[in-house]
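Undergrad: next come a sequence and a model predicted from it.
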Amino acid sequence: MTQPNAPLPAGVMRPLAHADLARPDALAKLGGNPGYLSDRIAPGQLRGAILGSPHPHARIVSIDTAAARALPGVHAVVTHADIPGQADYGLRRVDRPALCRDRVRYVGDAVAAVAADSLEIAHAALDLIAVEYELLPAVTCPEAALRPEATAVHAGGNLLHQHHHRLGDDGAADAATVHRVSATYETPRQMHAFLETEGGVAEPDGQGGLCLYFANHNPERERQVVAALLDLPPERVHSVGTPVGGSYGGKDELTVQPIAALLAWKTQRSVRLHLGRAQSTDFGVKRHPMRIQMESGCDARGRLTCHRVQILADTGAYATHGPEVLDAALEHAPGPYAWQSIDIAGRLAYTNNGVAGAFRGFGAVQVQFALEQQMDRLAHAAHLDPADFRLRNLKPVDAPGPLGQIVVPFDGPQRALAALVQHPLWTSHPQRHWSDGPGGRYRHGIGLALVHRSDGFGKGFPFGCRMELALAEDGAIELRSGFTELGQNLLSAVCNTCVHFLHCGPDDVRPVLGDTRCTPDSGPVAASRATTLVWHALQRAAPQWRSQLLAATAQAFDVARENLRLGAGGVHGCAGLIASYAQLALHMGAQRPMITIDQPPEVTPSDAPDTHYVFGACAGVAHAVVDSWTGSIRITEMALVGAVGPVVSPMGYLGQLEGGALMGQALCTQESLDCVDGHYQQRNLDSYLIPTLADAPSMDVWAIEGLPEGDTTGPRGTGEISVNIATPACANAIACALQSPIESLPVRPATVFRLLEGVFA
């Protein structure tokens, strides 16, 4: 997918040329035996199944499970009445029942569950559960949901969260405005479409406790929620969360774990619960659909003036990460640009349209699509090149953050854009749009975009991070963290960072991830934070680590310490290897180093709530080809320049940017999970079509590793930023090809025809 021949500007590297030979887990995955937790099958294991609501909104009048319990082969049928402890869970809002008590709020909402000898028996038992419902009005329009007369999805009303930010002098900005662009943008609901649907195994440990084996982002949180549900001390619940067969945010919050745990606790048997694709579609979270109203202006010289934004987002039936997603949308709405004034507000509504939650790009990508359309439209109005327009409006390196908060000084947007405009995909097409083919059938467009993206959690979140660096009994160097391997190549990042700071070899390292029995609470592997925190942890622990190992070697082998150094395989002296790490572990015994590394939350020192401290940046350019006869769109080429600091794992960096870019392209051109009267219209991948390699453009991925002088943050995450850049870059390319703004995603043939006819969608 990557073009190898484009020349590189100064200070830029192409990760492919430096890529690791292989991911540490590559052979296991290619061999079909990666150890996914939903594949954990054992003799005597029961199969679980969930009865979901067929209605988007209804009151539960009664549940009769007698016939299901009597079915041979059924070992447990559970409802809300069987929960011994805390029945609800959630993040900032505890609003989601593990099993519904008196009301269902979306199609798929869990009402009862069964554990049986086989999946066939479990499904037969579900058919025997009689649930009497009293239908309630389904609230399916977020705007209507916020009207006073709307039926309440929750007792507190349908407004889950709102925020309003104002900075600068509106009057002065309006007075300076010469060019003004106003538009309303719509972004769709998107499905994560991970290959491993939600599932795993819960099994009693034989000692009065429970073991959980489920793909997740935070084993410690899973343990806490399940312990509270079962009214157990947390130390009696053990959680393993890695490896994960894809998440993209969809497994950040708990899904089926509480139900499987309840079944295992009731039966005292191992229970495997794994959703099929259709039930996963109903049950799982999706990307938040948003309606974004933007009014943006600039003066006669093309300097940005006023920026007003109103966001309405649909969170569905339960909160999950909805408030954080809206906060991220608000924070990223100004972009990396210098406005004279901003007035940005957002509302988040409960509806009966399934559940929306964490999704790669996390609220920012929706507003970045809208903002980058605005930037192109303003540049056109001011008769300026799109890249020049952005360059003249970037914030200074040491300026406050997008909402006025203190941030780490960062020149990533400047450097990424300056490099991108030297890429052949931009420089070779000065006209930016042209037609070819019979009768000008194919419309070509080159579109550019620039984004910055926050790392870590916003102000007000409690997540610190603890890791442990230890020399194991067999001599392996272990970095122990509660993070999980989601496919993001964290294993390689850990190994390479250990090599960098501990001066060992990659074969000396054994990452230990996501297991509450042997890893500390590191908080979630989310918000693009894991790589940065691994870097910080090893940077802090390295001096103590070197001191302990070198002192032990000098004493054991009677060698002057100043003649020793750590290296691949062990401790080296002037004549070569003196002691392997295994020999050192044997010699040191109980004195082997085990360093606990505590890190505070990565938050801004400003008082501004829900804002971030660290940002990365990415610039992108895309080539779109629109077939004016069929309305089809192809993205044929894409170039991405990430400015995220040191590249810890070139293979991981390349994989994240290429894979995320294809997901962002799909949000722009292909994917939309339609919801009609609370029912999803596509429930399988034969109707909800995701891109394949046949849809992938050729890609050239560059990296800028340099950081401003004095920067101690190190690498920023790359797990999301390629989604953030690809969607607006592709939208701008399509708009350029059609010579018409794009105001609704995805851009499908019907939209193309309307725009070609001069009628906005």
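TA: Perfect, thanks for sending it. Everything numeric in this text was worked out from a predicted model, so none of it was measured.
Undergrad: remind me, longest helix of the chain?
TA: helix 530-557 (DSSP state H).
Undergrad: could you tell me the phi and psi values at residue 640?
TA: phi -130, psi 140 (degrees, to the nearest 10).
Undergrad: tally of neighbours for it?
TA: Other residues near residue 640 number 26, with proximity taken as other C-beta atoms under 10 Å. The way it works is simple: take the backbone N, C-alpha and C, and place the C-beta from them, glycine included.
Undergrad: do a quick rundown of the helices in the stretch 251-400 of the chain.
TA: Remark: helices assigned in the stretch 251-400 of the chain by DSSP state H, counting those that start in this stretch are 257-267, 277-283, 322-332, 364-381, 386-392.
Undergrad: other SSEs contacting the last one?
TA: Other elements packing on helix 386-392 under the criterion 3 or more C-beta pairs under 8 Å, 6 or more residues apart in numbering; DSSP states H and E are helix 364-381, helix 412-420, strand 442-455.
Undergrad: so residue 27: helix, strand or coil?
TA: Assigned by DSSP: H, G, I helix; E, B strand; the rest coil, the conformation of residue 27 is helix.
Undergrad: show the pLDDT at it.
TA: Note for residue 27: predicted pLDDT of 88.
Undergrad: can you check residue 32 too?
TA: Residue 32 carries a pLDDT value of 87.
Undergrad: now do residue 3
TA: Per-residue pLDDT puts residue 3 at 51.
Undergrad: ditto for residue 464
TA: On the pLDDT scale, residue 464 is placed at 84.
Undergrad: show me the contacts for it.
TA: For residue 464, the contacting residues are 523, 598-601, by C-beta atoms under 8 Å, 6 or more residues apart in numbering.
Undergrad: out of those residues, who's nearest residue 707?
TA: Distance to residue 707 across the contacts of residue 464 (C-beta to C-beta) is lowest for residue 599, with 19.0 Å.
Undergrad: confirm for me that that closest one is in contact with residue 535.
TA: No: counting by C-beta atoms under 8 Å, residue 599 does not reach residue 535; the two are 10.6 Å apart.
Undergrad: of these two, who's got more company?
TA: Applying other C-beta under 10 Å to residue 599 and residue 535 shows that residue 535 carries more neighbours, namely 22 against 16.
Undergrad: would you mind confirming that the more buried one makes contact with residue 498?
TA: No: using C-beta under 8 Å, residue 535 makes no contact with residue 498, being 10.6 Å away.
Undergrad: mind checking how far residue 386 is from residue 620?
TA: According to C-beta to C-beta, to the nearest Å, residue 386 stands 12 Å off from residue 620.
Undergrad: tell me which of these two has more neighbours.
TA: Taking neighbours as other C-beta under 10 Å, residue 386 and residue 620 compare with residue 620 leading, 35 against 25.
Undergrad: which stretches of the stretch 151-300 of the chain have low pLDDT?
TA: Within the stretch 151-300 of the chain, not a single segment meets pLDDT under 70.
Undergrad: tell me where it has strands.
TA: Along the stretch 151-300 of the chain, the stretches classed as strands by DSSP state E, counting those that start in this stretch are 159-168, 179-187, 199-204, 210-214, 237-240, 271-274, 285-286, 290-298.
Undergrad: let's have the ones you listed in a markdown table, adding mean neighbour count and distance to residue 715.
TA: Shown next, in a markdown table, are the strands of the stretch 151-300 of the chain (neighbours: other C-beta atoms under 10 Å; distance: least, C-beta to C-beta, whole Å):
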| stretch | mean neighbour count | distance to residue 715 |
| --- | --- | --- |
| strand 159-168 | 17 | 29 |
| strand 179-187 | 17 | 29 |
| strand 199-204 | 25 | 31 |
| strand 210-214 | 24 | 29 |
| strand 237-240 | 25 | 27 |
| strand 271-274 | 26 | 35 |
| strand 285-286 | 25 | 28 |
| strand 290-298 | 23 | 30 |
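Undergrad: compare those and give me the one nearest residue 24.
TA: strand 237-240 (18.0 Å).
Undergrad: show me what the closest one is packed against.
TA: Judged by 3+ C-beta pairs under 8 Å, 6+ apart, strand 237-240 is in contact with strand 210-214, helix 219-230.
Undergrad: so who does the residue nearest to residue 153 when sequence neighbours are not counted touch?
TA: Closest residue in space to residue 153, ignoring its immediate chain neighbours: residue 350 at 4.1 Å, by C-beta to C-beta, 6 or more residues apart in numbering. For residue 350, the contacting residues are 139, 145, 153-154, 158-160, 315-317, 319, by C-beta under 8 Å, 6+ apart.
Undergrad: in PyMOL, select just the buried ones from those residues.
TA: Selecting just the buried residues from those in PyMOL takes one command, with 16 or more other C-beta atoms under 10 Å as the test:
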select buried, resi 139+145+153+158+160+315+316+317+319
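Undergrad: so which of the contacts of residue 350 is the closest to residue 519?
TA: Nearest to residue 519 among these, counting by C-beta to C-beta, is residue 319 at 28.0 Å.
Undergrad: correct me, but the closest one touches residue 90?
TA: Yes: here residue 319 lies in contact with residue 90, judged by C-beta under 8 Å, at a distance of 5.7 Å.
Undergrad: find the residues that touch each one of those two.
TA: Joint contacts of residue 319 and residue 90 (C-beta under 8 Å, 6+ apart) are residue 96.
Undergrad: is it true that residue 113 touches residue 75?
TA: No: here residue 113 does not reach residue 75: they are 11.6 Å apart, not a contact under C-beta under 8 Å.
Undergrad: now do the buried residues in the longest helix of the chain.
TA: 530-538, 540-542, 545-546, 548-550, 552-554.
Undergrad: neighbours around the nearest residue to residue 554 once chain neighbours are set aside, how many?
TA: Excluding the flanking residues, the one nearest residue 554 by C-beta to C-beta, 6+ apart is residue 561, at 4.1 Å. Applying other C-beta under 10 Å, we find 11 residues neighbouring residue 561.
Undergrad: for the one 3 residues further on, same thing?
TA: Neighbour count of residue 564, defined by other C-beta under 10 Å: 21.
Undergrad: give me the nearest residue to residue 282, chain neighbours excluded.
TA: Leaving out its chain neighbours, the residue that sits closest to residue 282 by C-beta to C-beta, 6+ apart is residue 108, at 3.1 Å.
Undergrad: rewinding a little: who's more crowded, residue 113 and residue 75?
TA: Using other C-beta under 10 Å as the criterion, residue 113 and residue 75 rank with residue 113 on top: 30 against 20.
Undergrad: for the more buried one, grab phi and psi.
TA: phi -150, psi 160.
Undergrad: so what pairs up with it in the strands?
TA: On the basis of DSSP bridges, residue 113 takes part in beta bridges with residue 50, residue 78.
Undergrad: and it, how far from residue 576?
TA: Shown here: residue 113 relative to residue 576, a distance of 61 Å by C-beta to C-beta.
Undergrad: which residues touch residue 236?
TA: Contacts here follow C-beta under 8 Å, 6+ apart; on that basis residue 236 touches 208-210, 227.
Undergrad: find me the pLDDT at residue 355, would you?
TA: In this model, residue 355 is scored at 98, pLDDT.
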